[in-house]
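A.B. asks: For reference, the sequence and a predicted model appear below.
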Amino acid sequence: MGRTRTSGILTDAEGNKIVNKQVFGRRIFGRLGPIGQDAAERWLAGETERIKLERQSGTRPRVTFRQAAARHLRECIGKADTADIIAWHIELLDPWIGDLSVDEVYDETLEPFKKDRLKPTVTKTGKHKQLSLTTLNRSLEVVRRILNLCARSYRHANRMTYLAAAPLITIERNKKARKQYPLSWDEQDLLFNELPEDPNRQMATFKVNTGCREGEVCALEWAWEVKVPELKTSVFVVPGDNVKNGEDRLIVLNGVARSVVEARRGIHPRFVFSYRGQGGKRRPLATRGPGEPLDCMNNGGWQSARLRAAQRYRERFGRPAPWGFEHVRVHDLKHTFGRRLRAAGVGDETRKVLLGHTNGDITTHYSAAELAELINAVNKIDRSLETPAITLLRAAA
């Protein structure tokens, strides 16, 4: 590591500049890559000035979007599998707005990013492909969240927020957004019969009978099972850190879901659902072992199964499968659960609890009588009941 003409700026064996310096009791560190000495000095001067301003009461120091995004990402690590998704969006945004200060990020400066993301592309097979507006909006929602935190929560040493006020980031409604596709019982049979039994079909069966989100099913742990002696049963309480809305999630089991849980008991010491083959697909082959949980349900097994199920649909009914069935999503199992509860006459308030929607209640405060009511509601799901919406759609087709 070689020193340069400026204290705190070093050059490694590959010619990369590294800054490591103490200023006013604060450490400035950065791996700047193969840049010139002048550029490294400008970067150090900027960081030094920022620290000086932080010490001056009444002055709002400059913070780049990259710095604010990095702080937000650190806070999201370990929360309901959202860190990877947020990191992906931030990586997309960084080349466009990463170097801008947070007060320079608004609709106009985001326009080049939006135009680039919505630009049509040509796949290897020659097909034209365009990003959906919904996917673009997910990135803009990350921007909006970070800017709101900068205006309300993130503060400098002088107690001033990073932003005086967050700008309004326009989220354009996608009128072509994909519609929900709740399954009929026949469609469920066609799809589930094509899924591998262990654990894909078991996970799908559990999901369609509990209304859990995909991440809640994949991460479900035996430690979250709570015995209810008065009812001679048990429920699962998923900690808020593993739930999208941050609230503890009560999972009530009907007879079908209970049978799935009992079939899984004893297979893995920690996770209810695990793949006893190669394990999670994100892990390197050399580190995979038996009994590892799945990263997701929307894997190759699911995607292959729905294609085969669409073919079985044609063979059984003599007509092409609906587009929604041929492209059915894992999340549609949650919609199926909700529609079946409604068809069974379960009230809106009870459905919200069973679906894990935000309601302000604390799951650990449910009495045995309330739990009995919820269990009775999920056991009302019956194959003889077809939701009115599905019936009308099938008749129209």
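C.D. replies: Happy to help now that I have it. Being a predicted model, the structure only gives us computed values, none of them experimental.
A.B. asks: what domains does the record give for this protein?
C.D. replies: For the chain, the structural domains run 2-55, 65-152, 185-396, going by automatic domain parsing.
A.B. asks: want to throw the ones you listed into a markdown table with distance to Lys175, mean neighbour count and mean pLDDT?
C.D. replies: No exception for glycine: its C-beta is placed from N, CA and C like everyone else's. As requested, those are arranged in a markdown table below (distance: least, C-beta to C-beta, whole Å; neighbours: other C-beta atoms under 10 Å; pLDDT from 0 to 100):
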| stretch | distance to Lys175 | mean neighbour count | mean pLDDT |
| --- | --- | --- | --- |
| domain 2-55 | 43 | 14 | 86 |
| domain 65-152 | 8 | 16 | 89 |
| domain 185-396 | 17 | 17 | 84 |
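A.B. asks: Which one of the ones you listed lies nearest to Ala165?
C.D. replies: Of all the domains of the chain, domain 65-152 sits nearest to Ala165, with 5.5 Å by C-beta to C-beta.
A.B. asks: Tell me which residues are up against stretch 59-69.
C.D. replies: In this structure, residues lying in contact with stretch 59-69 by C-beta atoms under 8 Å, 6 or more residues apart in numbering are 50-51, 53-54, 90, 93-94, 97-102, 105, 143, 146-147, 149-150, 154, 156, 158, 160-162, 164.
A.B. asks: let's go with 7 Å and repeat that
C.D. replies: 50, 53-54, 90, 94, 97-102, 105, 146, 150, 154, 156, 160, 162 (C-beta atoms under 7 Å, 6 or more residues apart in numbering).
A.B. asks: rewinding a little: please tabulate the domains of the chain in CSV and include distance to Leu168 as additional columns.
C.D. replies: Shown next, in CSV, are the domains of the chain (distance: least, C-beta to C-beta, whole Å):
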stretch, distance to Leu168
domain 2-55, 27
domain 65-152, 8
domain 185-396, 23
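A.B. asks: Give the bridge partners for the nearest residue to Gly36 once chain neighbours are set aside, please.
C.D. replies: On the basis of C-beta to C-beta, 6 or more residues apart in numbering, the spatially nearest residue to Gly36 that is not a chain neighbour turns out to be Lys17, at 8.0 Å. Applying DSSP bridges to Lys17 gives these bridge partners: Thr11, Gly33.
A.B. asks: can you check Thr161 too?
C.D. replies: Arg155.
A.B. asks: And it, how far from Arg155?
C.D. replies: 5 Å (C-beta to C-beta, to the nearest Å).
A.B. asks: Between those two, which is the more surrounded one?
C.D. replies: More crowded of Thr161 and Arg155, by other C-beta atoms under 10 Å: Thr161, with 18 against 11.
A.B. asks: hang on, isn't that one packed against Ala151?
C.D. replies: Yes - in this structure Thr161 lies within contact range of Ala151 using C-beta atoms under 7 Å: 5.8 Å.
A.B. asks: mind listing the strands for the stretch 201-350 of the chain?
C.D. replies: For the stretch 201-350 of the chain, strands defined by DSSP state E, counting those that start in this stretch occupy the ranges 225-228, 233-238, 249-251.
A.B. asks: Dump those to CSV, plus distance to Phe337.
C.D. replies: Output for the strands of the stretch 201-350 of the chain, formatted as CSV (distance: least, C-beta to C-beta, whole Å):
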stretch, distance to Phe337
strand 225-228, 20
strand 233-238, 15
strand 249-251, 11
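A.B. asks: now for these, which one comes closest to Thr4?
C.D. replies: Distance to Thr4, taken as C-beta to C-beta, is lowest for strand 233-238 among the strands of the stretch 201-350 of the chain, at 52.8 Å.
A.B. asks: Show the residue spans covered by the helices in the stretch 251-397 of the chain.
C.D. replies: 255-264, 300-317, 323-326, 332-343, 348-355, 368-378, 388-396 (DSSP state H, counting those that start in this stretch).
A.B. asks: next one: the stretch 101-250 of the chain
C.D. replies: So, for the stretch 101-250 of the chain - with DSSP H, counting those that start in this stretch - the helices run 107-117, 133-152, 185-192, 202-210, 214-219.
A.B. asks: Serialize the ones you listed to JSON lines and add fields for distance to Ala343.
C.D. replies: What follows is the helices of the stretch 101-250 of the chain, written out as JSON lines (distance: least, C-beta to C-beta, whole Å):
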{"stretch": "helix 107-117", "distance to Ala343": "39"}
{"stretch": "helix 133-152", "distance to Ala343": "28"}
{"stretch": "helix 185-192", "distance to Ala343": "11"}
{"stretch": "helix 202-210", "distance to Ala343": "14"}
{"stretch": "helix 214-219", "distance to Ala343": "23"}
